[in-house]
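Just need the structure, nothing else, for what follows:
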Amino acid sequence: MKRSQYSFFVAALFLGAVVHHAFGGPESSLLTVAVAEFQTRGIAADQTWLGKSFADALITRLSKARTVRVVEREFLEQILNELRLQSSALVDEKSAVQLGRLLGARIFVFGTVSSVDGEVVVRARIVSVERGEVLGVAEATGRRGDILGIQREIGLQVSSSLALDAALSNTFTPEVTEISIATLNDLDRLRLLCSGLPVFGLDPGRARRRADYQSALLICDKAIELYPRLGAAHYYRALFTFQMEDLERALAESQVAQSLTPDDPDNLLLESAILYAMKKKAEGIGVLREATMRTPQDARLWYALGKILGANGQEAEAVTAYLKALEHTPALLEAETNLRALLRGPQGLVLLTEVDSQWPLYSNAARCFRMYWKNEIKDVSETARMAVSSFPDLYIGYYMLGIAEKQDDHTDSSLSSFEHCLALRPTFADVHKEIGLVYLRNGQCAEGERHIKVYLRMAAHIDDFAELERKIQQCYGQ
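Purely as a prediction, here's the structure:
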């Protein structure tokens with residue numbers, strides 16, 4: 001692969017200063033980034049999936065940085081539909097700023113995948129949502145067989161322009177350097193066949209999906225025959241063998257995948273799930289404890305640890321694991337659902353007392369969740385402030401603090417708290433409603449209406465639809 005351009009409009013050091021200014025002080029230092037599906041140009045109709053593939057590869061790389069929170073691509077697509085943008089082809093600097101504000105993102109990345117003279121040319125643009133300007137451009141060119149290398153190069157350039165961990169640039173050594181378009185497409189098909197699988201454990205609907213799993217295993221066998229050291233193919237073969245409930249064989253295959261890609265947390269997550277299914281809870285807990293030490297920013301590992309701890313009767317410690325999961329990826333609904341069952345249930349206060357005693361750092365964040373779920377919003381200010389201090393990367397403290405400030409008629413500070421909450425969890429419906437109401441009161445009708453629409457689309461229960469519609473109409477003077 002040859003690299004044809006590597007230009008940045010601002011130095012990485014300057015961007016770091018911007019990020020510190022935006023999130024400085026005791027608040028979260030996370031940089032929220034949105035990545036749109038890359039537009040394809042001059043690419044064969046049966047290969048347009050490459051646009052999604054490049055976006056996914058970039059998201060995967062950025063997600064490895066401890067200082068970055070990447071907006072879920074599915075949620076971004078929902079917002080695109082909400083704004084009547086039919087595809088990422090319509091994303092430009094102007095719409096990226098509009099989208100970024102609605103998503104709570106500080107940085108927006110979009111790009112193109114083109115075919116020129118038999119080679120693949122990929123360009124990415126990095127836009128500051130706050131400043132409304134291009135921060136950098138990345139470009140890489142290579143042969144069709146070197147798609148993985150091109151993806152890696154684009155990831156390196158974008159990571160460097162965002163001043164991310166140097167480790168992102170140096171530690172990744174692929175087990176296979178070149179791969180055919182057909183095999184890359186097969187890996188994408190395997191990823192799609194994973195859709196609907198639980199984050200951890202056996203699929204409750206595995207009996208009716210058996211044919212899908214068998215098809216997936218055939219794809220894995222074909223890929224491994226061509227590329228025996230393709231770790232991703234071995235991982236998928238272990239995963240689908242697991243769903244077929246051939247546990248011993250799945251465990252052996254997962255160990256092969258680990259030998260090829262030892263730094264991939266997916267392998268450890270799968271190994272622990274297999275051990276859990278084999279009733280080897282203690283071994284599964286050991287694998288996950290080691291995994292969370294090696295990759296503490298991976299929410300799935302913390303969620304899986306919480307699930308095994310809870311099944312092992314260690315419910316108070318499970319609470320702390322679920323909080324860590326939500327700190328890193330707040331949209332991991334399985335973790336929030338399990339945490340809610342523990343804290344809102346009849347033993348919730350008992351568990352809080354145990355958390356107070358053994359893990360006091362987690363106490364206020366746990367209390368904020370319980371107060372939110374039980375709608376106990378009086379006298380929440382101090383608990384929320386302590387939660388923000390202990391867990392600056394967890395959204396619930398900022399949300400409850402915003403509610404307390406709103407009750408005290410501190411509009412500006414409440415909006416700031418809600419915006420921090422939004423940046424940490426863009427898919428949190430209630431914060432969109434609160435921000436939308438502030439915008440409507442300030443006469444920013446279009447901004448307010450967009451956030452209210454997101455709330456109406458996402459909220460599980462809505463009992464204030466008529467009131468919200470009335471406030472939108474009032475803002476427009478209707």
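
can you tell me which residues contact the closest residue to residue 109 other than its chain neighbours?
Of all residues not flanking residue 109 in the chain, residue 35 sits nearest, at 4.7 Å (Cβ to Cβ, 6 or more residues apart in numbering). Where you see a C-beta, it was placed from the backbone N, CA and C, and this is true even at glycine. In this structure, residue 35 makes contact with 55, 58, 59, 62, 70, 71, 73, 76, 108, 109, 110, judged by Cβ atoms under 8 Å, 6 or more residues apart in numbering.

per-residue confidence at the closest residue in space to residue 71 that isn't next to it in sequence?
Ranked by Cβ to Cβ, 6+ apart and with sequence neighbours excluded, the top spatial neighbour of residue 71 is residue 34, at 4.2 Å. With respect to pLDDT, residue 34 scores 93.

Am I right that residue 34 is in contact with residue 76?
Yes - the pair residue 34 and residue 76 qualifies as a contact (Cβ atoms under 8 Å) at a distance of 5.7 Å.

neighbour-wise, which of these two wins?
residue 34 (28 against 24; other Cβ atoms under 10 Å).

who's that one bridged to?
Assessed by DSSP bridges, residue 34 has beta-bridge partners residue 108.

Which residues lie in contact with it in this structure?
Listed by Cβ under 8 Å, 6+ apart, the contact set of residue 34 reads 70, 71, 76, 96, 99, 100, 103, 105, 107, 108, 109.

quick one: it from residue 456, how far?
According to Cβ to Cβ, to the nearest Å, residue 34 stands 21 Å off from residue 456.

Going through the contacts of residue 34, which ones are buried?
Members of the contacts of residue 34 that pass the buried threshold by neighbour count (16 or more other Cβ atoms under 10 Å) are listed as 70, 71, 76, 96, 99, 100, 103, 105, 107, 108, 109.

Identify the farthest-apart pair in those residues.
In the buried ones among the contacts of residue 34, two members sit farther apart than any others by Cβ to Cβ. They are 70 and 96, at 15.0 Å.

Select the longest helix from this structure.
The single longest helix within the chain, with elements called by DSSP state H, is helix 210-226.

looking only at pLDDT, what's the mean for that one?
Per-residue pLDDT values across helix 210-226 average out to 96.

Okay, angle between the very next helix or strand once past it and helix 210-226 too, please.
Scanning the chain past helix 210-226 towards its C-terminal end, the next helix or strand to appear is helix 231-243 (assignment: DSSP states H and E). Interaxial angle, helix 231-243 versus helix 210-226 (axes from the mean of the first three to the mean of the last three Cα atoms, to 10 degrees): 150 degrees.

Mind giving me the packing neighbours of whichever helix or strand comes after helix 231-243?
For helix 231-243, the succeeding helix or strand toward the C-terminus, using DSSP H and E, is helix 247-260. Under the contact criterion of 3 or more Cβ pairs under 8 Å, 6 or more residues apart in numbering; DSSP states H and E, the helices and strands touching helix 247-260 comprise helix 231-243, helix 265-277.

and the first one, how far from the chain's centre?
Think helix 231-243. Averaging C-alpha coordinates over helix 231-243 and over its chain gives two centres that are 22 Å apart (Cα atoms, centre = their mean, to the nearest Å).

What are the buried residues along it?
For helix 231-243, the neighbour count (16+ other Cβ under 10 Å) marks 231-243 as buried.

Can you lay out the residues you listed as CSV showing distance to residue 361 and pLDDT?
Formatted as CSV, the buried residues of helix 231-243 follow (distance: Cβ to Cβ, whole Å; pLDDT from 0 to 100):
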residue, distance to residue 361, pLDDT
231, 36, 93
232, 37, 93
233, 41, 95
234, 39, 97
235, 34, 97
236, 38, 97
237, 41, 98
238, 36, 98
239, 35, 98
240, 39, 98
241, 40, 98
242, 35, 98
243, 37, 97
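
Any stretches of the stretch 151-300 of the chain with poor pLDDT?
When residues are selected by pLDDT under 70, those of the stretch 151-300 of the chain lie in 165-177.

quick one on the thing from earlier: nearest to residue 256 among the helices and strands packed on helix 247-260 would be which one?
helix 231-243 (4.9 Å).

tell me the angle of the closest one relative to helix 247-260?
Orientation note: helix 231-243 sits at an angle of 160 degrees relative to helix 247-260 (the same axes, to 10 degrees).

In CSV, list the C-alpha atoms belonging to helix 231-243.
Once non-C-alpha atoms are left out, helix 231-243 reads as follows in CSV (Å, rounded to 0.1, in the frame of the first residue of the first chain):
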residue,chain,number,x,y,z
GLY,A,231,-7.8,-14.9,13.7
ALA,A,232,-11.2,-13.4,13.0
ALA,A,233,-12.4,-16.5,11.2
HIS,A,234,-11.3,-18.7,14.1
TYR,A,235,-13.1,-16.5,16.5
TYR,A,236,-16.3,-16.7,14.5
ARG,A,237,-16.0,-20.4,14.2
ALA,A,238,-15.6,-20.6,18.0
LEU,A,239,-18.6,-18.3,18.5
PHE,A,240,-21.0,-20.2,16.3
THR,A,241,-19.8,-23.6,17.5
PHE,A,242,-20.6,-22.2,21.0
GLN,A,243,-24.1,-21.3,19.9
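
What is it packed up against?
In terms of contacts (3+ Cβ pairs under 8 Å, 6+ apart), helix 231-243 is packed against helix 181-193, helix 210-226, helix 247-260, helix 265-277.

which outside residues touch that helix?
Counting by Cβ under 8 Å, 6+ apart, 175-176, 187, 190, 193-194, 197, 202-203, 206, 209, 213, 216-217, 219-221, 223-224, 227, 249-251, 253-254, 256-257, 260-261, 264, 266-267, 270, 273-274, 277 sit against helix 231-243.

all strands of the stretch 51-200 of the chain, in order?
Along the stretch 51-200 of the chain, the stretches classed as strands by DSSP state E, counting those that start in this stretch are 68-70, 107-116, 119-128, 133-142.

Now mean pLDDT and distance to residue 410 too, for the ones you listed, in a markdown table please.
Rendered in a markdown table, the data for the strands of the stretch 51-200 of the chain read as follows (pLDDT from 0 to 100; distance: least, Cβ to Cβ, whole Å):
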| stretch | mean pLDDT | distance to residue 410 |
| --- | --- | --- |
| strand 68-70 | 88 | 26 |
| strand 107-116 | 91 | 29 |
| strand 119-128 | 92 | 28 |
| strand 133-142 | 90 | 31 |
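
How many residues are close by residue 128?
Here the neighbour count serves as a burial measure; for residue 128 (other Cβ under 10 Å) it reads 23.

Next: residue 358.
Residue 358 is surrounded by 12 other residues when neighbours are defined as other Cβ under 10 Å.

can I assume it is in contact with residue 316?
Yes - with contact taken as Cβ under 8 Å, residue 358 and residue 316 are classed as touching, separated by 6.5 Å.

Give me the spatial nearest neighbour of residue 148, chain neighbours excluded.
Taking Cβ to Cβ, 6+ apart, and ignoring the residues beside it in sequence, residue 148 has residue 179 as its nearest neighbour in space, at 5.6 Å.

what's the spacing between that neighbour and residue 111?
Residue 179 sits 21 Å away from residue 111, taking Cβ to Cβ as the criterion.

The two: which has the busier surroundings?
For residue 179 and residue 111, the more surrounded residue by other Cβ under 10 Å is residue 111, and the numbers stand at 26 against 22.
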